[in-house]
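Trainee: Quick one: sequence and predicted model below, then my questions.
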Amino acid sequence: MEKGELKILNKGEEEEMELQGYRLCRWRLALVGFGVLCTGGFLLLLLYWLPEWCVKSTCTRTTAHDAEVVLLRSTDEFRRWFLARVRVMLAPGSNPFHSLETQTTSPPSSPSSPSCPFSSPSSPSLANGHTPHPSDGSPAQELISRFSDYQPTQIRYFTFHSTKYYWDDGMQNFKVLNGLEDLEVSCSTVHSEHSAGLTRNQQEYRRLFFGVNEIAVKVPSVFKLLIKEVLNPFYIFQLFSVILWSIDEYYYYAAAILFMSVISIATSLYTIKKQYVMLHDMVAAHSIVRVSVCRANNDVEEILSTDLVPGDVVVIPSNGTIMPCDAVLVSGTCIVNESMLTGESVPVTKTNLPNPLPGDQQGADSAYTTEEHKRHTLFCGTNVIQTRFYTGELVKAVVVRTGFSTAKGQLVRSILYPKPTDFKLYRDAYLFLLCLVAVAGIGFIYSIVLSIMHKMPAKTIIIESLDIITITVPPALPAAMTAGIVYAQRRLKQLGIFCISPQRINICGQINLVCFDKTGTLTEDGLDLWGVQRVESGRFHLSEESAHKENLVRSQFVACMATCHSLTKIEGQLSGDPLDLKMFEATGWILEEATEEETALHNRIMPTVVRPPKQLLPSQPDVSADQDMELAELSSLYEIGIVRQFPFSSALQRMSVVSRTLGQKCMDAYMKGAPEVVASLCKKETVPEDFSEVLERYTKQGFRVIAVAHRRLGSKLNWHKVQNINRDNIEANMEFLGLIIMQNKLKAETPGVLQDLRRANIRTVMVTGDNMLTAISVARDCGMIPREDTVIIADALPPHDGQTAKITWRYADKPSRKTQLEEINISLEDEDHVAEPTTQEMYHFAMNGKSFAIIAEHFPDMLQKLVLHGTVFARMAPDQKTLLIETLQGVDYFVGMCGDGANDCGALKRAHGGISLSELEASVASPFTSRTPNISCVPSLIRPSRNPWEISISPFIEKICTLLLIVFTQMMAKARYMHLAQELRVDPDWPPKPTTTTEAKPRPENGSAYEIIITS
């Protein structure tokens, strides 16, 4: 390997970094130590501020495999440097997923062997002078002594941002151990090989690699925080200035600056300490609990959650718990509150991971991932409310990830180590300071030259020359900025807005574009049923206000509304998605769930049953005395049992259920979802010809439209087959039943706030996951798009059959069918000039998430031009929202983001000013959180932020004027003095200055210039 090799860590991921290996060099260390002594410690400060200089000055380059220190550099636009120390530990094995009982007692295989990817050749004397040590202290030594026949293996690793990177001989690079997903196991393998549990030895062995299952947020001591804060370059420069002014007898001014600096540091320490404590308390709550785990010998043992490792099988208690890890359900179902992650306190049903049989179609047994199988995964930090189980079986889950690798751990890491936001204000400020340094350098040299020419004392030359340097940076700048930010933070708190990132307050005053989520932000959370429009024989009926009718009670349409949902009863109350609740309540039906006692009597989970109230059922004829009363009552019953649910998927934009009506031999499948998606999965003859026109009519009026469909399943499909069948086999060849029209009302404050922002020349954009035409209608209703303006929809098509990707344009007011599309040629060459108000007022672009992704990939230059006039972005996924924020920032917008915390966390963090309307735990990721559940908080955030921005910028303007004035005055005074001396033909050094008088004379800050003027 070459010594100058460059490794790439986390390739293709957000945390991608370049890695270089270094080895400590003794003579360089000695040389740097000597330099530190000679510079009075200033060199040490410089190396602290610049880690790349620290490594390169004390180490020599080597291969990554032999490195003692690694130098890391991020590959993003910030190109930040980090350093980490490589450590070596001894372990009885090399792969955490290998069983110790099956390991060979022979010496470890070669580094290239795939059986030991994390091993290094073991030898009596450890390479590179590393001192081996176990990762967790004594457990490793105990394991090694217990398995004394196995030769200990060296494991090389380093820790960076609470993540361990292990050396992989196969990859010849460092990599992260995430958990069970590293094995790329299939769903059936999870059931067959990982559902039995681990032995104690296996658990302890894996803990050596994965560490303790704990998200440890260490609260630094006040002393550590003080040292870190004081070592800031601004404060070091201030300390230098205070010492210089004290020597030059500016006691009062130096004391005032020192006092303000102490107050500024104390305020910063209090804020930082408080944030650490808040985060620690949030994470520590329920982080350590007692859990029951299944051992390989079928025993159930109670242990602390900190001992869990990937591969453990935990038992979920029936009364619920807070999940201490990420785990996948292998038996039973759970009702979970995921508000900590999503911001929505809507219970979600988690089902057990499918176990495809060998005869199932190819592709059904896919590799397990937490993203694709999140409906079967219990995430760390989420609250399991209740469980349902089989007779004689427990609700079990296999641990997938632990510690900082979990979903909650990733959220905490993003808060502890945030990606810096490229604030243009701060960049310009640093450039401005560099210009001041250059001007001060010229003045410094000029002052020294003139002073030497006039044979002034050395002490006076040094002090007065350095005095010019001290006016480079405004002495009260940090204090002024801190005071302004603290004052603004207090005003925001009075307005019900809480801030966890005070440095962002400055930049909020410059926001000139705000992105809004729709549902729950611009509009109300709840939905009201406006009406239904049924379909029979391929034709629409007239719209009906309600489905709560006697003649519809046994219809497939009402059966779909009553069964196709994910509602559950928690403490006797219906709970679930607001849309599902409104839809079910509109039917007037009753939902019944089996109790724990009833479930325990059956061999399989008892289905949820829905039935209409007796008053809705048609009246039965009188029963004669000789008829069996029980038989007559049974025949009059109408109940539907929900046999299996296929939960709603945002990627698929639909959900479905399999149900069975009491007394029927065949099962039924019901589906609801986005109208375009549902219609594409139905038989063509059942979809009305005017489907597109009817749908467009409703969406233009701002309604949220849900389509429903039905399919009668074959009689051979029994309960067992239904539990293992793929949803693609169910969701096909459906019969279209009609449309459910829901109304989502605007919040009362929305139009007025948007009008205020428009008057302030702040642009507004809608980013939503809802339907395109619904979003456009809401944008018109709230004033985001004026009624007289034209909306143009951009539809992008990916490359297909050898054809390149292309974009088509159409008016939003035209029919949406492809045969009636009207293409428009629009020149976008000059659209980056935002100063053309007529074009901006006339046209607004709208696009969905799919088109946005295609344009971003195939037309990146076009994307920047489109976002300049893009107002509505519909069907946007969370990562697409974040990309939109970054694109807007790329065209020099200062972007604000306002969302309800659900699926907006990435965009809220990335924006210059993100404000969450949710007070749940997900709002911790947002810089600002509002108690007011509407967008009136946006102007309230921008107004107070403009005052500290002016406070921050005014010292720069003041000081540049002062510096130029002083330099100009000094030059003019010197010139005048020399001119008079030459005219009078006298010695410039005569008469001598009265030393005692000058020293006793009080002087302002710029003493040298003042003294020259008086002397002349």
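Mentor: Received it, and whenever you're ready, just let me know what you need. This is a predicted model, so every value here is computed, not measured.
Trainee: In a helix, residue 261, correct?
Mentor: Yes. Counting by DSSP: H, G, I helix; E, B strand; the rest coil, residue 261 falls inside a helix.
Trainee: State the distance from it to residue 367.
Mentor: With distances taken as CB to CB, to the nearest Å, residue 261 is found 57 Å from residue 367. Where you see a C-beta, it was placed from the backbone N, CA and C, and this is true even at glycine.
Trainee: These two: who's more crowded?
Mentor: residue 261 (22 against 14; other CB atoms under 10 Å).
Trainee: number of nearby residues for the nearest residue to the more buried one once chain neighbours are set aside?
Mentor: In this structure, residue 261 finds its nearest non-sequential neighbour in residue 238, 5.5 Å apart by CB to CB, 6 or more residues apart in numbering. Neighbour count of residue 238, defined by other CB under 10 Å: 25.
Trainee: SS state for residue 238?
Mentor: helix.
Trainee: just checking, it touches residue 257?
Mentor: Yes. Taking CB atoms under 8 Å as the definition, residue 238 is a contact partner of residue 257 at 6.6 Å.
Trainee: Report pLDDT for the residue nearest to residue 261.
Mentor: What the model reports as pLDDT for residue 238 is 78.
Trainee: Repeat that for residue 136.
Mentor: 44.
Trainee: cool, residue 852 as well?
Mentor: 91.
Trainee: Okay, the nearest residue to it once chain neighbours are set aside and residue 643: tell me how far apart.
Mentor: Nearest residue to residue 852, sequence neighbours excluded (CB to CB, 6+ apart): residue 880, at 5.7 Å. For residue 880, the distance to residue 643 (CB to CB) stands at 35 Å.
Trainee: Poorly predicted segments of the stretch 751-900 of the chain, please.
Mentor: 813-841 (pLDDT under 70).
Trainee: which stretches of it form helices?
Mentor: Under the criterion DSSP state H, counting those that start in this stretch, helices of the stretch 751-900 of the chain are mapped to 772-781, 837-842, 849-858, 860-867, 878-890.
Trainee: so who does residue 886 touch?
Mentor: residue 910 (CB atoms under 8 Å, 6 or more residues apart in numbering).
Trainee: Dump the helices of the stretch 751-900 of the chain into a markdown table; add distance to residue 63 as well.
Mentor: Below are the helices of the stretch 751-900 of the chain laid out as a markdown table (distance: least, CB to CB, whole Å):
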| stretch | distance to residue 63 |
| --- | --- |
| helix 772-781 | 54 |
| helix 837-842 | 56 |
| helix 849-858 | 37 |
| helix 860-867 | 37 |
| helix 878-890 | 36 |
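Trainee: if you compare these, which one is most tucked away?
Mentor: helix 772-781 (a mean of 24; mean count of other CB atoms under 10 Å).
Trainee: May I have the secondary structure class of residue 669?
Mentor: Secondary structure for residue 669, judged by three-state DSSP, is strand.
Trainee: so how many other residues sit close to it?
Mentor: By other CB under 10 Å, neighbour count at residue 669 equals 28.
Trainee: And for it, nearest residue in space, chain neighbours not counted?
Mentor: Nearest to residue 669 is residue 711, by CB to CB, 6+ apart, at 4.4 Å.
Trainee: Could you report the separation of the residue nearest the centre of the chain from residue 879?
Mentor: Nearest residue to the geometric centre of the chain (CA atoms, centre = their mean): residue 906, 3.6 Å. Per CB to CB, residue 906 is found 7 Å from residue 879.
Trainee: ok, now residue 560?
Mentor: Taken as CB to CB, the span from residue 560 to residue 879 is 32 Å.
Trainee: With residue 180 instead?
Mentor: To residue 879, residue 180 is 24 Å away according to CB to CB.
Trainee: go on, residue 721?
Mentor: For residue 721, the distance to residue 879 - CB to CB - is 36 Å.
Trainee: How about residue 568?
Mentor: Using CB to CB, we find residue 568 at a distance of 30 Å from residue 879.
Trainee: Check residue 26 too.
Mentor: Between residue 26 and residue 879 the distance is 48 Å, computed by CB to CB.
Trainee: Same check on residue 306?
Mentor: Look at residue 306 and residue 879: by CB to CB, they are 32 Å apart.
Trainee: how close does residue 573 sit to residue 385?
Mentor: Look at residue 573 and residue 385: by CB to CB, they are 12 Å apart.
Trainee: so the residue nearest to residue 852 touches residue 853, yeah?
Mentor: Yes. Residue 880 is within contact range of residue 853, at 6.4 Å (criterion: CB under 8 Å).
Trainee: Please point out which parts of stretch 239-258 sit buried.
Mentor: For stretch 239-258, a neighbour-count test (16 or more other CB atoms under 10 Å) marks 241-242, 244-245, 248, 250, 253-254, 257-258 as buried.
Trainee: Can you name the two of these that sit furthest apart?
Mentor: Spatially, the most separated pair among the buried residues of stretch 239-258 is 248 and 258, at 14.7 Å (CB to CB).
Trainee: Which residue ranges of the stretch 301-450 of the chain form strands?
Mentor: Taking DSSP state E, counting those that start in this stretch as the test, the strands found in the stretch 301-450 of the chain are 313-315, 321-322, 326-331, 333-337, 347-350, 377-378, 383-388, 396-401.
Trainee: so can I have TSV of these showing mean neighbour count, mean pLDDT and distance to residue 888?
Mentor: Below are these laid out as TSV (neighbours: other CB atoms under 10 Å; pLDDT from 0 to 100; distance: least, CB to CB, whole Å):
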stretch	mean neighbour count	mean pLDDT	distance to residue 888
strand 313-315	23	90	44
strand 321-322	20	84	38
strand 326-331	24	89	33
strand 333-337	22	82	34
strand 347-350	22	78	32
strand 377-378	24	89	33
strand 383-388	20	80	36
strand 396-401	27	91	33
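Trainee: Which of the ones you listed sits closest to residue 585?
Mentor: Nearest of the strands of the stretch 301-450 of the chain to residue 585, taken as CB to CB: strand 347-350 at 16.4 Å.
Trainee: Give me the residues contacting the closest one.
Mentor: 329, 333-338, 375-378, 385, 566, 568, 570, 575-576, 645, 647.
Trainee: what separates residue 543 from residue 537, distance-wise?
Mentor: For residue 543, the distance to residue 537 - CB to CB - is 17 Å.
Trainee: These two - which one has more neighbours?
Mentor: Set residue 543 next to residue 537 and count neighbours by other CB under 10 Å: residue 543 wins out with 15 against 7.
Trainee: contacting residues for that one?
Mentor: 531-533, 741.
Trainee: who wins for most neighbours among these?
Mentor: Result: residue 532 is most packed of the contacts of residue 543 (other CB under 10 Å), 24 neighbours.
Trainee: I'd like the distance from the strand or helix carrying residue 737 to the chain centre, please.
Mentor: For residue 737, the enclosing helix or strand under DSSP states H and E is strand 735-743. Averaging C-alpha positions (CA atoms, centre = their mean, to the nearest Å) puts strand 735-743 35 Å from its chain's average.
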